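Asker: when you get a sec, could you give me coordinates for this:
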Amino acid sequence: MKVAISGKGGVGKTTLCATLARLFADEGREVYAIDADPDSNLASALGYNAASAPRIEPLVKMKQLIAERTGASPDEYGKVFKLNPEVADLPEKYSVNIGGIKLLVLGTIYKGGSGCACPENTLLRSLMLHFFLERDANVLLDMEAGIEHLGRATAQGIEHMIVVVEPGQRSVETAMHVKSLAADIDIKKVSVVGNKFANESQRAIIRERIGDIPVLGFISYNDKLIEADLANRAVFDDNPQLVAEVRAIKQRLEER
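Answerer: Numbers count the residues shown, from 1 in each chain. Got it, this is the predicted structure:
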């Protein structure tokens, strides 16, 4: 299954991505969790303690690797570089295994209109294409709010786009925007997951305002997520309520 998770900042994309990855891995599946969010905190959500383990360097900052694969360094502006660099070996070389989940931190993928036709962007886009079109594994992409940086070719391999929303109109507007962009690049299945919901009244309002976008389920407001963050624990550790709610979401995702 190839799933991309979007939504405005702070809504809980990373919490959902990490917990889904844990549930897939617990079933013995090969799972890649890809961090393409500029905040890059998927590692800590999975339980990787940066204080006692090596720092994970985003691929976008690996200048020597970028130069080797594209023929140009990020510092060499205007130099001709390869548009289809070899990337098939990168997942094994640069992923970090966290409890059976293979984490790969990409760093920021520039949007198409940002003017960055650059070696580092080319490498990341090629790697995304490899994951979504060629690699036989479960892939979960934790991304930023928009999807402009994906491109039509990458989008062809995305089986499902999940937009995480929280109680609030701005979050709903982001979901509607993502759905429109997804349709433009032929992503067929877009669904919503609600996070930080305190009661059924809030859930009913979101269901009404979200229109025809299917709702996979809701994650309740949960103080244990704050405790996990403060203690540098995985978001799903000692949190049976979160795990149960995301398991129900996963089931509906697979049914779709």
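Asker: can you show me the strands along the stretch 51-200 of the chain?
Answerer: Along the stretch 51-200 of the chain, counting by DSSP state E, counting those that start in this stretch, strands occupy 96-98, 101-105, 138-143, 160-165, 190-197.
Asker: now tabulate those in a markdown table and tack on distance to residue 215.
Answerer: To be clear about C-beta, it is placed using only N, CA and C from the backbone, and glycine gets the same treatment. Below are the strands of the stretch 51-200 of the chain laid out as a markdown table (distance: least, C-beta to C-beta, whole Å):
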| stretch | distance to residue 215 |
| --- | --- |
| strand 96-98 | 29 |
| strand 101-105 | 26 |
| strand 138-143 | 19 |
| strand 160-165 | 9 |
| strand 190-197 | 5 |
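Asker: can I get those strands in TSV with mean neighbour count and distance to residue 20?
Answerer: Formatted as TSV, these follow (neighbours: other C-beta atoms under 10 Å; distance: least, C-beta to C-beta, whole Å):
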stretch	mean neighbour count	distance to residue 20
strand 96-98	15	14
strand 101-105	23	10
strand 138-143	25	6
strand 160-165	25	9
strand 190-197	23	10
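Asker: can you redo these as a markdown table with mean pLDDT and distance to residue 53?
Answerer: Output for the strands of the stretch 51-200 of the chain, formatted as a markdown table (pLDDT from 0 to 100; distance: least, C-beta to C-beta, whole Å):
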| stretch | mean pLDDT | distance to residue 53 |
| --- | --- | --- |
| strand 96-98 | 96 | 9 |
| strand 101-105 | 97 | 12 |
| strand 138-143 | 94 | 19 |
| strand 160-165 | 94 | 27 |
| strand 190-197 | 96 | 27 |
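Asker: quick one: which of the ones you listed is nearest residue 81?
Answerer: Proximity to residue 81 (C-beta to C-beta) singles out strand 101-105 among the strands of the stretch 51-200 of the chain, at 21.8 Å.
Asker: show me what that closest one is packed against.
Answerer: With contacts defined as 3 or more C-beta pairs under 8 Å, 6 or more residues apart in numbering; DSSP states H and E, strand 101-105 has these neighbours: helix 13-26, strand 31-36, helix 42-45, helix 90-94, strand 96-98.
Asker: give the other helices and strands that the third one contacts.
Answerer: So the one you mean is helix 42-45. Using 3+ C-beta pairs under 8 Å, 6+ apart, the elements in contact with helix 42-45 are helix 13-26, strand 31-36, strand 101-105.
Asker: same check on the first one?
Answerer: Secondary structure elements in contact with helix 13-26, counted by 3+ C-beta pairs under 8 Å, 6+ apart, are strand 2-6, strand 31-36, helix 42-45, strand 101-105, strand 138-143, strand 160-165, strand 190-197, helix 240-255.
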